[in-house]
Structure formats: structure tokens, C-alpha cells
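>>> How does the following fold in three dimensions:
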Amino acid sequence: MTSPLVRCARWGALGTGIVYGFVHRRSLTRQVAEEKVAAEYARKERLIADAKAEYARLYRPVSTGGVITDPENPAFDLEALLKHAETTQA
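Numbering: from 1, shown residues only. Model prediction:
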């Protein structure tokens, strides 16, 4: 026959183990959920970056050889534009 002190210690250890297991499992579950959310966010960021790169590749502006074609621009040079037009048509 075991003493009441030993029985009490055993039941206390069992209860402590059950509580610890419950708390530990909750923390692990929360950690996995946070990692899943972070992975989904990273996947969406990667998709957005890929879409931006593809859009930039498809809709890149046509290079005019450094000639400014906007007459409203303060650095607009009509002579340079005309020379560029002559070289591209020839």
C-alpha cells in the first residue's frame, strides 16, 4: 500500500502533465497556423512581383534612341527629333 503523499504526488504529476500537454499543443497549433499565413502571404507577394515583371516586359515603352518626343517637355529638341526621324526612315 502506498502512502497518501505518494498517491497525491502521482495524481499531481499526472494533472500537471495533462495541463502541460494541452498548453504545448495549443502553442504548436498556433505556430503552425502563423507559419501557414506567412507562407501564403509570401506566395501572394511572389505572384504580385511576377505579374509586375510580366506586365513590364509586355508593355515596356518603345525606345526612341534617347530622343525626347514630348513637345511639352522642357528638354524637347525639335532638331534632334527630326534627325532621328530621318535616320529611322532611311
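>>> For residue 42, see how far away residue 48 is.
From residue 48 across to residue 42, the span is 11 Å (Cβ to Cβ, to the nearest Å). In short, each C-beta sits where N, CA and C put it, glycine included.
>>> pull the longest helix from this protein.
For the chain, the helix that runs over the most residues, judged by DSSP state H, is helix 4-58.
>>> okay, now the domains of this structure?
Following automatic domain parsing, one finds the domains of the chain at 1-59, 63-90.
>>> Quick check: mean pLDDT of the longest helix of the chain?
Average pLDDT, helix 4-58: 97.
>>> Enumerate the positions of the following helix or strand past it that are buried.
Toward the C-terminus, helix 4-58 is succeeded by helix 78-89 as the next helix or strand (DSSP states H and E). Across helix 78-89, burial judged by 16 or more other Cβ atoms under 10 Å covers 81, 84.
>>> Could you tell me how far helix 78-89 lies from the centre of the chain?
Distance of helix 78-89 from the chain centroid (Cα atoms, centre = their mean, to the nearest Å) equals 45 Å.
>>> How about stretch 51-66?
Relative to where its chain is centred, stretch 51-66 has its mean C-alpha point 23 Å off (Cα atoms, centre = their mean).
>>> From one end of that stretch to the other, what's the distance?
For stretch 51-66, the first-to-last residue distance is 28 Å (Cα to Cα, to the nearest Å).
>>> can you check stretch 59-75 too?
Criterion Cα to Cα; first-to-last residue distance in stretch 59-75 is 25 Å.
>>> In it, which residues are buried?
Judged by neighbour count (16+ other Cβ under 10 Å), stretch 59-75 contains no buried residues.
>>> Burial check on residue 76, number of neighbours?
13 (other Cβ atoms under 10 Å).
>>> So it is in contact with residue 82, correct?
No - look at residue 76 against residue 82 with Cβ atoms under 8 Å: they stay out of range, at 11.8 Å.
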